[in-house]
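Enquirer: sequence and computational prediction follow.
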Amino acid sequence: MGLAGWEIHDMADTPTTTADAPETPNEWSTEFLRQPGRFTTVLAIGVAALLIAATGMAGYRLGSDSAVRGLPDEFANVELLFDAVGNEAVDSPDPDALVTGAITGLLGTLEDPYAVYYDPERYSALTADLDGEFVGIGITIEERTDGIYVIGVVPESPAEEAGVMVGERITSVDGVSAIDGATSRDVVDMIAGEEGGMVTVGFDMGEDGPRELTLVRRVLNLPDVRSRVLDSGHAYARISQFSRQVDTQLQEQVEALVAAEDVNGLVLDLRGNPGGLLSEAVEVVSLFVEEGLVVRVDSRDTSVEREVTGDAPLADIPLVVLVDGNSASASEIVAGALQDLGRAEVVGTQTFGKGTVQTIRDLDLGAGVKFTTAEYFTPSGDSIEGVGVTPDVATDDDPEAQLAAADDILTQLIAESPGF
């Protein structure tokens, strides 16, 4: 599943830096869940809010026989300490916990808020996310001042089949309280797990009152592009994340609407989209722009420019891009590029401001790690880190008002560009 581009490598791998290969840069979304926003889909571990550069299905997966080359002599002290603590400490944890502690301690020295170690179970869920395949129960949650609430239920999911309702509050997961200080990320982590595993979730605030439901996690294949025709007659397409083949889905759906419904403009909705694969972000821009710079990615030693050239199948359709504060990473690349290149009007609220790039690398035994390796810049040369993309037309936070504003702006654009 891509969220805005992941770069997945084995620790022995040396990433290439050509424009068509995974840049050393790599989310979305998660820490990996997604950007630290309010909404999280409880499917696997959530959607990553980061930029992850990937080529092919999973980048490079080389052998790990050279992974320990070049270690300083002092690293031998880690092995000595591991042995000493394991054999002599009064309350020594199990070896897995010691290894996890050592890895997280190393990552902690980076002072990188996006650096995360994934044990094999979480890493498996993460890589499934990148393929657009999720394992989970199928609910979308929102963090509020008094707890974590269900704001969406995926059709034909375990949650829907068990009768979970929008508006219910999650009170516990497998007996652990989800009320006293738990964040949406905490709840996602508690619910996440392997396909076929059971999780018992407590609810209240619903029509059925306080209750517990035991749900079995299963694979949920969710479409990342949904489209329809608005009452105005304009096409509308929403991208939930930039996973693989999103550009193909978007092109096919928009062209079908144009052919069948005779629509003459498009609202591209990136609200709540936490990011995904960098390659998909570039491909989506290429649907609308025939030539131009999409993004520049600067790593420690290299600077790579991603450009589009050639025919753009949707080059002439009037376009409005809709964003909000939960549009992050790859979403911001797309919105920023289409705005800077003069191809679309951006409508909504200030975006999240995720302008750094993470690399995801394979470790041995099915584990993985993520850390920041680069930052990206829009065609105008601006970094959006901590700033975001500023809409051409600002709106309030009401979702319906935002869509209405985008629809109105699109009507104006169509009037200015007759003949499509």
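Expert: All right, it came through fine.
Enquirer: now residue 333. Nearest residue, chain neighbours left out?
Expert: Nearest non-adjacent residue to residue 333, counting by CB to CB, 6 or more residues apart in numbering: residue 281, 4.5 Å away. For the C-beta atoms, the positions are set from N, CA and C on the backbone; glycine is no exception.
Enquirer: isn't there a helix covering that neighbour?
Expert: Yes - inclusion of residue 281 in a helix is indicated when DSSP: H, G, I helix; E, B strand; the rest coil is applied.
Enquirer: that one and residue 332 touch, don't they?
Expert: No - between residue 281 and residue 332 there is no contact under CB atoms under 8 Å: 9.0 Å.
Enquirer: convert the host helix or strand of residue 202 to PDB, retaining C-alpha atoms only.
Expert: Per DSSP states H and E: residue 202 is located in strand 198-204. Output in PDB follows, covering the C-alpha atoms of strand 198-204 (Å, rounded to 0.1, in the frame of the first residue of the first chain):
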ATOM      1  CA  MET A 198      -9.800 -12.200  18.000                       C
ATOM      2  CA  VAL A 199     -10.100  -8.900  19.800                       C
ATOM      3  CA  THR A 200     -12.800  -7.900  22.300                       C
ATOM      4  CA  VAL A 201     -13.800  -4.300  22.200                       C
ATOM      5  CA  GLY A 202     -15.900  -2.500  24.800                       C
ATOM      6  CA  PHE A 203     -18.400   0.200  23.700                       C
ATOM      7  CA  ASP A 204     -20.800   2.600  25.300                       C
END
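Enquirer: run me through the strand neighbours of it, direction for each.
Expert: Partners of strand 198-204 in the sheet, by DSSP bridges, are strand 169-173 (antiparallel), strand 211-216 (antiparallel).
Enquirer: ranges for the strands of the stretch 101-250 of the chain?
Expert: For the stretch 101-250 of the chain, the strands defined by DSSP state E, counting those that start in this stretch occupy 116-118, 133-136, 139-144, 147-153, 169-173, 176-177, 198-204, 211-216, 218-221, 225-229, 235-239.
Enquirer: which residues are in contact with the longest helix seen in the chain?
Expert: Across the chain, the longest stretch assigned as helix under DSSP state H is helix 399-416. Applying CB atoms under 8 Å, 6 or more residues apart in numbering, the external contacts of helix 399-416 come out as 230, 232, 234, 236, 264-267, 269, 271, 318-320, 322, 324, 345, 347-349, 393, 395-396, 420.
Enquirer: doesn't residue 324 make contact with residue 347?
Expert: No - in this structure residue 347 lies outside contact range of residue 324 using CB under 8 Å: 10.0 Å.
Enquirer: give me the more crowded residue out of these two.
Expert: For residue 347 and residue 324, the more surrounded residue by other CB atoms under 10 Å is residue 347, and the numbers stand at 26 against 23.
Enquirer: how is the chain carved up into domains?
Expert: In the domain annotation for the chain, the residue ranges read 134-221, 225-354+377-416 (automatic domain parsing).
Enquirer: quick one: those as CSV, columns for mean pLDDT too.
Expert: Conversion of the domains of the chain to CSV gives the following (pLDDT from 0 to 100):
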stretch, mean pLDDT
domain 134-221, 89
domain 225-354+377-416, 93
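Enquirer: need the winner for burial among these.
Expert: Between these, the one whose residues have the most neighbours on average, counting mean count of other CB atoms under 10 Å, is domain 225-354+377-416 (a mean of 21).
Enquirer: what's residue 349 sitting at in phi/psi?
Expert: Listed backbone geometry of residue 349 is phi -120, psi 170, with angles given as degrees, to the nearest 10.
Enquirer: now it: how far from residue 393?
Expert: Taking CB to CB, to the nearest Å as the criterion, residue 349 is separated from residue 393 by 10 Å.
Enquirer: same check on residue 155?
Expert: Relative to residue 393, residue 155 is positioned 33 Å away (CB to CB).
Enquirer: cool, residue 141 as well?
Expert: If you measure residue 141 against residue 393 using CB to CB, the figure is 30 Å.
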